[in-house]
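Peer 1: Any chance you could fold what I've pasted below:
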Amino acid sequence: MISKILSVMFFAGSAMARVRGSSVITGGDYSDVPGVFQALLAFSIIFAIFSLAQFFFTIKNFTKIPSASSCAPYIMLVVVTIFNFLYYLLYGVSTRLRGEVPAFTDGIYLATLGITALVVAFQPAAVLFLLQQRGSVLQASKGNTISPFSSSLGKKIVDWVLVGLTFIVYIAYMGNVAAYATAADSGFSSASYLAYLAASRGLAYAGAAIFLLLCINVITTSIVLFVQAKQAQWIDLVTRYICLIIVPFFTVYGLESFIFTIYFGLVTFRSLEAGYTAVLVDFIIRGFIQLAITTLLIVTMSLPGVEWVPAGGPSSYLDTTGKWSNGKPEGNHPVFVLQPPYHQQEQPPWNQQQLYHQQQPYYQQQQPQQQ
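Peer 2: Down below sits the predicted model:
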């Protein structure tokens with residue numbers, strides 16, 4: 001996403017001036033709209049529809065996960081999906097308006113930047129969160145005899161630091177664009193424009209680099225957990241699915257974002273159509289990858305035979321005889337309950353004297369009557 005933002009900044013001055021100076025589009029007449037804008041609008045609508053469908057499918061699949069704690073990564077995915085839908089919806093609206101209402105379209109553009117920060121940072125975070133949980137289940141299932149890489153404390157810190165840095169850099173980029181828009185309305189010199197452009201370029205490169213590291217982190221975590229689960233002879237379809245199917249998409253995702261960011265930073269577009277054609281290619285590739293990752297994560301919610309919580313772990317309790325009984329009573333003795341006095345009256349007659357000596361005065365007073 002940051003590559004598209006960067007491209008807009010690189011030719012925003014001339015491009016948006018030409019767009020705003022073009023003929024006003026009224027009604028449903030798109031005869032004067034370039035083909036690239038029609039394609040951007042069409043793909044925005046398609047991606048928005050798919051994102052909305054993914055949102056409802058994710059909500060529906062929550063019933064297939066028995067543990068509430070296991071739903072946490074998918075709750076994060078739901079948030080990402082609804083913001084992804086809003087992004088494509090707003091992108092389509094801004095493409096349709098094409099600068100007819102500058103103040104409104106500028107506000108939409110800033111809103112899409114904020115949504116971009118959430119989607120780019122927290123879609124990989126949902127996958128990392130899921131891998132952390134799978135590592136914890138692996139460790140508990142094997143009786144703490146293995147220390148999964150994904151659920152270790154140091155690894156969790158690295159995961160959330162990368163997610164936080166990615167989000168912060170994107171928000172900083174949004175702040176720079178907002179400052180640029182405010183300064184442009186009041187007028188500023190060429191030196192100020194170059195300063196905003198340099199800051200935008202630096203934040204774009206930083207965001208692309210950190211996001212590439214975040215994708216590499218997802219790839220590495222998935223592969224290591226898959227290998228550890230295989231060595232422990234623990235069959236986990238979720239980990240296998242992520243490693244074999246979702247990881248290739250993150251490989252393309254990280255490389256695509258990094259390459260297009262460098263490309264937009266080095267290439268000078270000689271026409272508006274050439275610039276937006278590159279934006280269209282980036283938009284289609286990125287949108288397809290994002291939707292594919294979300295779809296594959298939704299599939300993991302309904303995989304058969306998944307161990308969402310350690311089998312037999314939480315339900316084991318210690319009974320009165322000092323043995324583990326998995327929450328079930330052994331014999332006639334209830335778990336966690338001391339024998340009440342009426343059980344002791346059922347002892348053989350030869351043991352009555354010893355028992356009565358241990359009882360309260362009430363039972364001692366009843367002793368002569370029983371003799």
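Peer 1: which SSE is Gln290 in?
Peer 2: helix 272-300 (DSSP states H and E).
Peer 1: Name the residues of that helix that are buried.
Peer 2: 272, 275-280, 282-283, 285-287, 289-295, 297-298, 300 (16 or more other C-beta atoms under 10 Å). (Each C-beta comes from the backbone N, C-alpha and C, glycine too.)
Peer 1: Would you pull up how far that helix lies from the middle of the chain?
Peer 2: 17 Å (C-alpha atoms, centre = their mean, to the nearest Å).
Peer 1: Which stretches in the stretch 151-300 of the chain count as helices?
Peer 2: Taking DSSP state H, counting those that start in this stretch to define them, one finds helices in the stretch 151-300 of the chain at 153-186, 190-231, 237-241, 247-266, 272-300.
Peer 1: what mean pLDDT would you report for the first one?
Peer 2: So the one you mean is helix 153-186. The pLDDT scores in helix 153-186 average 90.
Peer 1: helices and strands around it, which ones?
Peer 2: helix 2-10, helix 102-141, helix 190-231 (3 or more C-beta pairs under 8 Å, 6 or more residues apart in numbering; DSSP states H and E).
Peer 1: try it again with 6 Å
Peer 2: When contacts are defined as 3 or more C-beta pairs under 6 Å, 6 or more residues apart in numbering; DSSP states H and E, helix 153-186 packs onto helix 102-141, helix 190-231.
Peer 1: Now render those as TSV, adding distance to Gly92.
Peer 2: Shown next, in TSV, are the helices and strands packed on helix 153-186 (distance: least, C-beta to C-beta, whole Å):
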stretch	distance to Gly92
helix 102-141	10
helix 190-231	23
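Peer 1: What lies in contact with stretch 76-95?
Peer 2: 40-41, 44-45, 47-48, 51-52, 54-55, 58, 105, 108, 111-112, 115, 118-119, 122-123, 126, 294, 297 (C-beta atoms under 6 Å, 6 or more residues apart in numbering).
Peer 1: can we see that at 8 Å?
Peer 2: Here stretch 76-95 makes contact (C-beta atoms under 8 Å, 6 or more residues apart in numbering) with 37, 40-41, 44-45, 47-48, 51-52, 54-55, 58-59, 105, 108-109, 111-112, 115-116, 118-119, 122-123, 125-126, 129, 287, 290, 294, 297-298.
Peer 1: for stretch 223-242, same thing?
Peer 2: Against stretch 223-242 from outside (C-beta under 8 Å, 6+ apart): 127, 130-131, 134-135, 137-138, 141-142, 146, 148-150, 222, 243-244, 247, 296, 299-300, 303-307.
Peer 1: In it, which residues are buried?
Peer 2: 223-226, 228-229, 232, 234, 236, 238-242.
Peer 1: quick one, which of the helices of the stretch 151-300 of the chain is nearest to Pro73?
Peer 2: helix 272-300 (8.2 Å; C-beta to C-beta).
Peer 1: Switch the buried residues of stretch 223-242 over to CSV; also include pLDDT and distance to Phe258.
Peer 2: Rendered in CSV, the data for the buried residues of stretch 223-242 read as follows (pLDDT from 0 to 100; distance: C-beta to C-beta, whole Å):
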residue, pLDDT, distance to Phe258
Ile223, 96, 20
Val224, 95, 23
Leu225, 95, 25
Phe226, 95, 25
Gln228, 93, 29
Ala229, 92, 30
Ala232, 89, 34
Trp234, 89, 34
Asp236, 90, 31
Val238, 94, 28
Thr239, 93, 26
Arg240, 93, 27
Tyr241, 93, 26
Ile242, 95, 22
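Peer 1: Taking those residues, tell me the two that lie furthest apart.
Peer 2: Ala232 and Tyr241 (17.7 Å).
Peer 1: List the residues that contact Ile45.
Peer 2: Contacts of Ile45 (C-beta under 8 Å, 6+ apart): 88, 92.
Peer 1: helix or strand for it, which one?
Peer 2: Applying DSSP H and E, one finds Ile45 within helix 35-61.
Peer 1: Centre of the chain to the helix or strand just after that helix, how far?
Peer 2: Scanning forward in sequence from helix 35-61 by DSSP H and E, the next helix or strand is helix 72-97. Offset of helix 72-97 from its chain centre (C-alpha atoms, centre = their mean): 13 Å.
Peer 1: May I see the buried residues of helix 72-97?
Peer 2: Those would be 73-74, 76-92, 94-96, for helix 72-97 by 16+ other C-beta under 10 Å.
Peer 1: What is the helix holding Gln290 packed up against?
Peer 2: Using 3+ C-beta pairs under 8 Å, 6+ apart: helix 272-300 touches helix 2-10, helix 12-20, helix 35-61, helix 72-97, helix 102-141, helix 237-241, helix 247-266.
Peer 1: Can you check what angle separates that helix from helix 35-61?
Peer 2: For helix 272-300 against helix 35-61, the angle by axes from the mean of the first three to the mean of the last three C-alpha atoms, to 10 degrees is 10 degrees.
Peer 1: tell me the mean pLDDT over helix 272-300?
Peer 2: 92.
Peer 1: now the angle from it to helix 190-231?
Peer 2: 30 degrees.
Peer 1: So what angle separates the directions of helix 272-300 and helix 102-141?
Peer 2: Going by the same axes, to 10 degrees, helix 272-300 makes 30 degrees with helix 102-141.
Peer 1: Let's have the helices of the stretch 151-300 of the chain in TSV, adding distance to Ser69.
Peer 2: Formatted as TSV, those follow (distance: least, C-beta to C-beta, whole Å):
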stretch	distance to Ser69
helix 153-186	15
helix 190-231	18
helix 237-241	15
helix 247-266	25
helix 272-300	16
